[in-house]
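> next input, structure requested:
(one chain, ligands or ions: 1)
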Amino acid sequence: MKLSVIGCGYLGAVHAAAMAELGHDVVGIDVDQAKIDALSAGEAPFFEPGLPEILVSATATGRLRFSTSMEDAKGSQVHFIAVGTPQKKGSYAADLTYVNGAVRDLIPFLNPGDLVVGKSTVPVGTAEALASMISESGADAMLAWNPEFLREGFAVKDTISPDRLVYGLPPEEQAASAAKALLDGVYSSALNAGTPLIATDYATAELVKVSANAFLATKISFINAMAEIAEVTGADVTQLADAIGLDVRIGRRFLGAGVGFGGGCLPKDIRAFTARAEELGRGESVAFLKEVDAINLRRRQRVVDLTVESLGGSVNLKKVAVLGLAFKPYSDDIRDSPALDVAVQLRGLGATVVATDPHAIANARKLHPQLDYVDTLEEALTDADAVVLVTEWEEFRHLDAEWAGRLVRNRIMVDGRNSLDSAAFRAAGWTYRGLGRP
Ligand code: UGA
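Residues are numbered from 1 along each chain as shown. The predicted model follows:
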């Protein structure tokens, strides 16, 4: 099928390449010339495992092109909207400028029977408004909402083999079945592999996405709240998580207590959900999400406080090695990264922060040039007065307590992800501080 993907960020670039890899003829469109140049040359403009390989192979087939001109969307049957919906400045609400702009700019190039498919995370009600925008323009095209559940770091796999497909279809029966048939064509390979499909209305599809992220955020903040209780009782939250996680109704995943969640999705999505619920007069239904957000932000502060405490009350002029900058491993994304937040706060308290990360240094440096960045773990650890682990990359998880101990000035470890073997560190003479652990 001929597809266009409008917006080539973390979501759109992967979607475009994966759809071409599956055999579709795809054009990816973005206003950012540098991004389009990189993608056209078969280079991923950000770190995402597996993306460079499919960009190269799909480009070689001639089925994948990139352009800065919306006119190139003309001729595609299905147009995916994959632009960002960041948090509005000075508000909790989502900024819909890019989504509205993408649809508005696409309208002149739509052919009768085309399907516009929203993939961006939006406040409930957006799809209905966009469908009206399309019909009022006179374009004879349909709109569907098809939320995306991919995780950064696993985006290629999650796009090619999703765990579920959700279609928010138009209210009119004929349009709904035409839209569904087109989407079934797009996703034929996943559907043939037995991927569960939920075909529903616009509002449900929009809400599935935000409620899934709200649930995940709540699960993380729940275990982080238990970490706060563990800290005043001497309990160990990691063992608590293992024990409650064995109940299949609860499950162990997303019960990793630590510095908390960040990234371009969970934090802004729970805030936008709160703002939208308030607009709908149902603020109380998701008021708990404010608490989820507050718990999450407190954990960043806790890591900073533990570092200060471990250094005897002040980090001023102390060298602190910060291991990790990305919001999670296997990504170079630093949007709302707890790791970077901790680094910046420690710097603000007078510490000489020497930070390292396998992939996120370039992005971090652009935003926070005041920090010192080094490429290797060895350089970061050398003569450090304290070490703070905030992104659990494999190379940090497997840090050897003896080897690291020989490099640092003080054997002080603040494990903001509870990802080290605390016994091994203590045995090697380190003062080990985890989150929610004795
Ligand atoms: C999240 C969702 O998991 C995806 O399903 C969704 O499609 C995506 O948002 C989106 O809306 O686009 P992502 O932001 O890539 O995906 O990252 P997650 O793997 O969900 O991690 C989010 C944050 O939670 C990270 O900072 C991670 O370190 C933290 N986390 C995760 C914890 O602190 N503890 C855990 O146990 C798990």
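
> what residues does the stretch 51-200 of the chain put near the ligand?
Contact residues (CB under 6 Å from any ligand atom) of the stretch 51-200 of the chain with the ligand: T121, E148, F149, L150, R151, E152. All C-beta spots, glycine's among them, are computed from the backbone N, C-alpha and C.

> dump the residue contacts of the third one.
With contact taken as CB atoms under 8 Å, 6 or more residues apart in numbering, F149 is in contact with D158, P162, D163, R164, K209, A212.

> quick check: phi and psi at D372.
Backbone geometry at D372, expressed as degrees, to the nearest 10, gives phi -90, psi 130.

> ok, V78 next?
Note on V78: backbone dihedrals following degrees, to the nearest 10 are phi -130, psi 130.

> go ahead and confirm it touches L182.
Yes. Using CB atoms under 8 Å, V78 is in contact with L182, at 5.5 Å.

> picking up where we left off before, buried among the contacts of F149? Make that a PyMOL selection.
With 16 or more other CB atoms under 10 Å as the burial test, the buried ones among those are selected in PyMOL as follows:
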select buried, resi 158+162+209+212
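
> format the residues of the stretch 51-200 of the chain next to the ligand as JSON lines; extra columns: pLDDT and secondary structure.
Shown next, in JSON lines, are these (pLDDT from 0 to 100; DSSP: H, G, I helix; E, B strand; the rest coil):
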{"residue": "T121", "pLDDT": "95", "secondary structure": "coil"}
{"residue": "E148", "pLDDT": "96", "secondary structure": "coil"}
{"residue": "F149", "pLDDT": "97", "secondary structure": "coil"}
{"residue": "L150", "pLDDT": "96", "secondary structure": "coil"}
{"residue": "R151", "pLDDT": "96", "secondary structure": "coil"}
{"residue": "E152", "pLDDT": "95", "secondary structure": "coil"}
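
> which among the residues you listed end up buried?
T121, E148, L150, E152.

> output these as a markdown table; include the columns distance to G245.
Converted to a markdown table, those look like this (distance: CB to CB, whole Å):
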| residue | distance to G245 |
| --- | --- |
| T121 | 27 |
| E148 | 27 |
| L150 | 24 |
| E152 | 23 |
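
> between those residues, which is closest to the ligand?
Nearest to the ligand among those: E152, at 3.6 Å, using CB to the nearest ligand atom.

> which residues touch that closest one?
Neighbouring residues of E152 by CB under 8 Å, 6+ apart: Y10, E48, G263, K328, Y330, S331, D333.

> what residues are shared contacts of V78 and L182?
Contact with both V78 and L182 is made by residues M1, L115, according to CB under 8 Å, 6+ apart.

> who has more neighbours, those two?
Neighbours were counted for V78 and for L182 using other CB atoms under 10 Å; V78 has more, 24 against 21.

> so how far is L246 from the more buried one?
For V78, the distance to L246 equals 43 Å [CB to CB, to the nearest Å].

> for the nearest residue to A386 once chain neighbours are set aside, which residues make a bridge with it?
The shortest distance from A386 to any non-neighbouring residue, by CB to CB, 6 or more residues apart in numbering, is to I412 (4.1 Å). Residues in a beta bridge with I412, per DSSP bridges, are T431.

> could you list the buried residues of the one helix or strand H15 maps to?
Following DSSP states H and E, one finds H15 within helix 12-21. For helix 12-21, a neighbour-count test (16+ other CB under 10 Å) marks G12, A13, V14, H15, A16, A17, A18, M19, A20, E21 as buried.

> for the second one, give me its contacts.
So that's A13. A13 makes contacts with G28, K35, L39, A44, P45, F46, E48, L51, L55, as judged by CB under 8 Å, 6+ apart.

> out of those, name the ones that lie in helices.
K35, L39, L51, L55 (DSSP state H).

> please tell me I have it right and the first one contacts C8.
This means K35. Yes. K35 lies in contact with C8 (CB under 8 Å); the separation is 5.7 Å.
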